[in-house]
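**Q** Build me a model from this:
(chains A and B)
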Protein chains: 2
Amino acid sequence: MASKVVICGVGLIGGSFALALKKSALALRQEVRFVGMGRTRAPLEQALQLGVIDEIETDWATALAGADLVLLGMPVGQMPAVMRALVPHLEPWTIVTDGGSTKSDVVAAARSAFGDRIGQFVPGHPIAGAEKSGVAAAKADLYRDKRVVLTPLSENAPGDVAAVRAVWELCGANVSQLAPDEHDRVFAAVSHLPHLLAFALVHDLASRANADQLFGFAAGGFRDFTRIASSHPEMWRDICLANRIALLAELDAYLAELLRARVLLASADSAGLEAMFATARARRDAWLDSLAPSIGE
Amino acid sequence: MASKVVICGVGLIGGSFALALKKSALALRQEVRFVGMGRTRAPLEQALQLGVIDEIETDWATALAGADLVLLGMPVGQMPAVMRALVPHLEPWTIVTDGGSTKSDVVAAARSAFGDRIGQFVPGHPIAGAEKSGVAAAKADLYRDKRVVLTPLSENAPGDVAAVRAVWELCGANVSQLAPDEHDRVFAAVSHLPHLLAFALVHDLASRANADQLFGFAAGGFRDFTRIASSHPEMWRDICLANRIALLAELDAYLAELLRARVLLASADSAGLEAMFATARARRDAWLDSLAPSIGE
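**A** Residues are numbered from 1 along each chain as shown, chains lettered A, B, ... in the order given. Okay, here's the model as predicted:
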């Protein structure tokens, strides 16, 4: 295992990564130093106090000297600037990976920032998290039995990809691989679109003159349907913008589906509505049956 | 309390109503007989075995003789036929109430079936339930701290409305009142639309050539967003059809909201997207803070 790991952006994702690796390092009797870097000081101090990191660095050269692994844990919108700042100070052997929820844009930013050192960047996406964010929510078992998707580049050395995979497996994750654009199309459908839909519903109802009455009668179904509308606005703004081509395609497919549902409803097509609902329920229940007991966000 | 209660449709709603009232009757040392009626025999036998009802009747005249209270617990689509069958056998003092999720259509059906006896029908809607249905899922505390909305008619005697309210309060529920059409507009927004949206998303993804891959990467956010897509297809077909005017209005408002979100996305309006997400999160979090610890479905 790496002996110096730099966590850039010590929040829920980076903090949980550090805690999980610390636990594994302890079990394996390995010495690993965790260094925290970030755009603001307070969360780093908190991470230090919580034992998530061992030291705080504010200078890229010092932080990256001798580093074996760097995890970028900030929202995807901040990654291009961070990459440009860190690349000049990378050791030739340092592997950089990330926890960004979109991959095509992160890879494009990395190609621009890393230049001919792009092979040192192995893109990744842990499917974990919660509405909660920040290092206070970090926990060593966040990735246990969760999926991590790596989207390796043709320039990556197979050994470096294997190393990143091994590190995530030490965190307890199940690692799979997709091409970056395939990753973004899949997550536009099963994650980014649902988030947008939930935000839009709450926003729509919040703007009504009788919003208080509406929320007064909202119950458990509404609560679960909108849970992801309590997600972090800045993070989801970045994700939606970063993946907006794939997300627009998914949104348009969904709008078309809603218009089909509207026709069934307006024409009181009883059999058509029931068939749509029954197909959905059967598919969802089959999916639930196939799930591991613990799944990611 | 009533001494003879007839439950028509002994599923989750009717069965839990009977169990809750049985418990209260026991505590109050009242003798109450619970009679089950239903379109099929098997769930009635099951309800009898589970102690949810005390006897099964198959004949309306016998079931309703001496009855003080009747609860209609079947899907709203079946109510008109049931009402027409039971009205000729009602005692002059019997109060009929229901657990239907829509009210304007139930009231219209009741007006047609009850005629000048419409005052005996006090419409109601318990905001409880789950994806589970059937008497096996019934439980005495289903309505504890949940909301029940009554939509009384001008023909109801105040004492009869108070009696239905009291019975639901014995079940542990918080009872409020709305006009039937107001009820339907509110629940179109906070319940019926979210169900339609969740069914539509799962249906959309299930129809894709790469559906298995998509569901393979779906995680916790998707699971909660689509939980209500595991709801009962027949029940939700009936609800959507019964309330389709209000539901179409809500669907159109939501389509307009999605088109606004689409403009923000297509024009990469970063501030606009973040403002939309932040407003939604703040409103939802304020709502969560205001909730009783236990809310209904």
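**Q** Report the secondary structure element holding A:L71.
**A** strand A:69-72 (DSSP states H and E).
**Q** Could you list the residues in contact with that strand?
**A** A:2, A:4-9, A:14, A:17, A:64, A:79, A:82-83, A:86, A:90, A:94-100, A:163-164, A:167 (Cβ atoms under 8 Å, 6 or more residues apart in numbering or on different chains). C-betas here are computed from N, CA, C, even on glycine.
**Q** So in that sheet, which strands flank it, and in what orientation?
**A** Sheet pairing of strand A:69-72 (DSSP bridges) gives strand A:4-8 (parallel), strand A:95-98 (parallel).
**Q** do the following helix or strand past the first one and chain B meet?
**A** It stands for strand A:4-8. Next in sequence after strand A:4-8, counting helices and strands by DSSP H and E, comes helix A:12-27. No: Helix A:12-27 does not reach chain B (Cβ under 8 Å from any Cβ of the partner chain); its nearest approach is 13.8 Å.
**Q** what packs against helix A:12-27?
**A** Helix A:12-27 sits against strand A:4-8, strand A:33-37, helix A:158-170, with contacts defined as 3 or more Cβ pairs under 8 Å, 6 or more residues apart in numbering or on different chains; DSSP states H and E.
**Q** and the residue of the stretch 1-150 of chain A nearest chain B?
**A** Closest approach between the stretch 1-150 of chain A and chain B, counting by Cβ to the nearest Cβ: A:I127, at 4.9 Å.
**Q** ok, that residue touching A:D145?
**A** No: using Cβ atoms under 8 Å, A:I127 is not in contact with A:D145, being 10.8 Å away.
**Q** And those two? Which one has more around it.
**A** A:I127 (24 against 14; other Cβ atoms under 10 Å in any protein chain shown).
**Q** Give me the pLDDT for the more buried one.
**A** With respect to pLDDT, A:I127 scores 92.
**Q** so how far is A:E274 from A:R84?
**A** Separation of A:R84 from A:E274 (Cβ to Cβ, to the nearest Å): 55 Å.
**Q** More neighbours: which of those two?
**A** A:E274 (19 against 13).
**Q** host element of that one?
**A** Going by DSSP H and E, A:E274 is part of helix A:270-290.
**Q** mind checking how far that helix is from the chain centre?
**A** Put simply, helix A:270-290 sits 28 Å off its chain's centre (Cα atoms, centre = their mean, to the nearest Å).
**Q** ok, back up a step: tell me the mean pLDDT for the helix or strand following the strand holding A:L71?
**A** Per DSSP H and E, strand A:69-72 leads on to helix A:79-86 as the next helix or strand towards the C-terminus. Computed over helix A:79-86, the mean pLDDT rounds to 96.
**Q** Helix A:79-86 vs chain B: in contact?
**A** No: Helix A:79-86 does not reach chain B (Cβ under 8 Å from any Cβ); its nearest approach is 14.2 Å.
**Q** Does anything pack onto that helix? Which helices or strands?
**A** Using 3+ Cβ pairs under 8 Å, 6+ apart, helix A:79-86 sits against helix A:60-64, strand A:69-72, strand A:95-98, helix A:104-114.
**Q** What residues sit buried inside the longest one?
**A** Translated: helix A:104-114. Neighbour-count burial for helix A:104-114, with 16 or more other Cβ atoms under 10 Å in any protein chain shown as criterion, is recorded at A:S104, A:D105, A:V106, A:V107, A:A109, A:A110, A:A113, A:F114.
**Q** Including mean pLDDT, could the helices and strands packed on helix A:79-86 go into JSON lines?
**A** Listed next are these as JSON lines, based on pLDDT from 0 to 100:
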{"stretch": "helix A:60-64", "mean pLDDT": "95"}
{"stretch": "strand A:69-72", "mean pLDDT": "98"}
{"stretch": "strand A:95-98", "mean pLDDT": "98"}
{"stretch": "helix A:104-114", "mean pLDDT": "97"}
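**Q** what's the closest of these to A:L193?
**A** Smallest distance to A:L193 across the helices and strands packed on helix A:79-86 (Cβ to Cβ): 16.4 Å, for helix A:104-114.
**Q** How many neighbouring residues does A:D269 have?
**A** 16.
**Q** Hmm, I typed the wrong one, I wanted A:A47.
**A** By other Cβ under 10 Å, neighbour count at A:A47 equals 27.
**Q** how about the helices of the stretch 151-297 of chain A, start to end?
**A** Per DSSP state H, counting those that start in this stretch, the stretch 151-297 of chain A has helices spanning A:158-170, A:180-187, A:193-206, A:211-217, A:220-225, A:233-242, A:244-266, A:270-290. These are given in chain order.
**Q** on that earlier part again, hmm, who's touching the helix holding A:E274?
**A** A:261, A:264-265, B:198-200, B:202-203, B:205-206, B:211, B:215, B:218, B:223, B:226, B:229-234, B:236-237, B:240-241.
**Q** follow-up on the earlier one: could I get the strands paired with strand A:69-72 in JSON lines, plus columns for mean neighbour count?
**A** Putting the strands paired with strand A:69-72 into JSON lines (neighbours: other Cβ atoms under 10 Å in any protein chain shown) gives the following:
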{"stretch": "strand A:4-8", "mean neighbour count": "25"}
{"stretch": "strand A:95-98", "mean neighbour count": "26"}
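**Q** Turn those strands into TSV, columns for distance to B:R29.
**A** Compiled in TSV, the strands paired with strand A:69-72 are given as follows (distance: least, Cβ to Cβ, whole Å):
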stretch	distance to B:R29
strand A:4-8	66
strand A:95-98	67
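**Q** Of those, which is nearest A:R39?
**A** Taking Cβ to Cβ, strand A:4-8 is the member of those nearest to A:R39, at 9.2 Å.
**Q** how distant is the closest one from the center of its chain?
**A** For strand A:4-8 - counting by Cα atoms, centre = their mean - the centre lies 18 Å from the chain centre.
**Q** what domains does the record give for chain A?
**A** Under the assignment automatic domain parsing, the domains of chain A span A:4-178, A:183-290.
**Q** Now distance to B:A140 too, for those, in a markdown table please.
**A** Formatted as a markdown table, these follow (distance: least, Cβ to Cβ, whole Å):
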| stretch | distance to B:A140 |
| --- | --- |
| domain A:4-178 | 33 |
| domain A:183-290 | 18 |
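**Q** So for B:A25, which of the ones you listed sits nearest?
**A** domain A:183-290 (27.1 Å).
**Q** how many neighbours does A:P233 have?
**A** 20.
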